[in-house]
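Sequence first, predicted model second:
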Amino acid sequence: MMYVDDVMLVIGVGLLAAALLTVRSIIRLLSASSTLRRQWIGLSALIVFFIVGYVGLVFLWEERALVANELVALILMVAGAFTLVVTRLSFVTTNDVVRIAKLERDAIEDPLTGTYNRRYLDSKLIEEVSRATRLNLPLSAVLIDLDHFKHVNDTYGHDVGDLVLRHVCSLIIASVRPNDTVFRYGGEEFVVIAPNCDIDAAATLGERMRLRIAESVLSLPGGQDLAVTASLGISSLSLTGSSEAMLRAADQALYTAKRGGRNRTCAAPADISETPAA
């Protein structure tokens, strides 16, 4: 017949096992590369260690000082209950944090390409313009527009058009620097905001993107190969004085590139009239 202390130890093991299942649910919520995930894995190993210890107490206690054993068992059972409550609260909190983070990410992320959307562009520009002005650093914008994209949609369908957008977006991301930010600006338009990058460096960055896009071939599901090109407009905050004027100047430079034959990079002229800072 089991003693009271054994019963409490068994209950403690059950509580720890339930806590372990909760910890594993938390681990599944966290990304594989997360430091927090590794810490939760460490905690799960510690809980397993305690479970083994509890089971060992059930089988290895031989000298029974009943009151003392019941007291120890009670403390261990309460510790198991505490662990379960803490892990359950942690699971609820982690689940809410992950859900809120996903909602926040969805609000600023383009669902097709995974880049930032135009909604986030405004707040990012405020941040970067403030930083560039405060530290007297250059800031540039690169506006990218795919050439004849309507023809791609009309000829191959919108599914292929989506493949092209994702393909080109991956090439843009592969071309930019770590501190640059890529946005989907419109249907087939992208913007790269390049901090600490003057007009000449931005033109070099844009030309690198243009060449990578032009030289890359997308293999379609039907076995066809499709090549696309892009036109790019470059502008710098130092030439315009405000983020709005910088984007307008990049758009004008893009129009010049389109009018000049497409598949080219055009920078805003250095003598562009300055607009007062917003």
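All right, it came through fine. Numbering: from 1, shown residues only.

And stretch 207-216, how far out from the chain middle?
When distances are taken as CA atoms, centre = their mean, to the nearest Å, stretch 207-216 is centred 25 Å away from the chain's centroid.

and what of stretch 81-93?
Distance, centroid of stretch 81-93 to centroid of chain: 28 Å (CA atoms, centre = their mean).

now stretch 141-161
25 Å.

so after the lowest-mean-pLDDT helix or strand in the chain, what's the next helix or strand?
Ranking every helix and strand in the chain by mean pLDDT, DSSP states H and E puts helix 66-108 at the bottom, with a mean of 68. The helix or strand immediately downstream of helix 66-108 is helix 118-135, counting by DSSP states H and E.

For that next one, list every residue counted as buried.
Of the residues in helix 118-135, 120-121, 124-125, 128-129, 132 count as buried by neighbour count, 16 or more other CB atoms under 10 Å. Any C-beta I mention is one placed from the backbone N, CA and C, and that applies to glycine too.

Output those as JSON lines; include the columns distance to A18 and pLDDT.
Below are those laid out as JSON lines (distance: CB to CB, whole Å; pLDDT from 0 to 100):
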{"residue": "Y120", "distance to A18": "41", "pLDDT": "89"}
{"residue": "L121", "distance to A18": "47", "pLDDT": "91"}
{"residue": "K124", "distance to A18": "44", "pLDDT": "91"}
{"residue": "L125", "distance to A18": "49", "pLDDT": "92"}
{"residue": "E128", "distance to A18": "49", "pLDDT": "93"}
{"residue": "V129", "distance to A18": "52", "pLDDT": "92"}
{"residue": "A132", "distance to A18": "54", "pLDDT": "92"}
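
Which member of the residues you listed is positioned nearest R262?
L121 (24.3 Å; CB to CB).

Contact partners for that closest one?
Counting by CB atoms under 8 Å, 6 or more residues apart in numbering, L121 touches 183, 185, 191, 193.

that's a strand at the first one, yeah?
The reference is to F183. Yes - under DSSP: H, G, I helix; E, B strand; the rest coil, F183 sits within a strand.

show me where this structure has strands.
For the chain, the strands defined by DSSP state E occupy 139-146, 181-184, 189-195, 217-219, 225-227, 230-236, 265-267.

Between those, which one is closest to R88.
Closest to R88 of the strands of the chain, according to CB to CB: strand 181-184, at 38.7 Å.

who wins for proximity to Q39 among the strands of the chain?
Across the strands of the chain, closest to Q39 is strand 181-184 (CB to CB), at 30.0 Å.

Off-centre distance for the closest one?
12 Å.

now for that strand, which elements pack on it?
Under the contact definition 3 or more CB pairs under 8 Å, 6 or more residues apart in numbering; DSSP states H and E, strand 181-184 sits against helix 118-135, helix 158-175, strand 189-195.

Redo the ones you listed as CSV? Include distance to T93.
Formatted as CSV, the helices and strands packed on strand 181-184 follow (distance: least, CB to CB, whole Å):
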stretch, distance to T93
helix 118-135, 26
helix 158-175, 33
strand 189-195, 34
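
and A203, which of these is closest to it?
strand 189-195 (10.6 Å).

hey, C-alpha coordinates of that closest one in CSV?
Provided in CSV are the C-alpha atoms of strand 189-195 (Å, rounded to 0.1, in the frame of the first residue of the first chain):
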residue,chain,number,x,y,z
GLU,A,189,7.4,49.0,-58.1
PHE,A,190,9.8,48.6,-55.3
VAL,A,191,11.7,51.2,-53.2
VAL,A,192,15.0,50.8,-51.4
ILE,A,193,15.8,53.3,-48.7
ALA,A,194,19.6,53.4,-48.3
PRO,A,195,20.9,55.2,-45.2
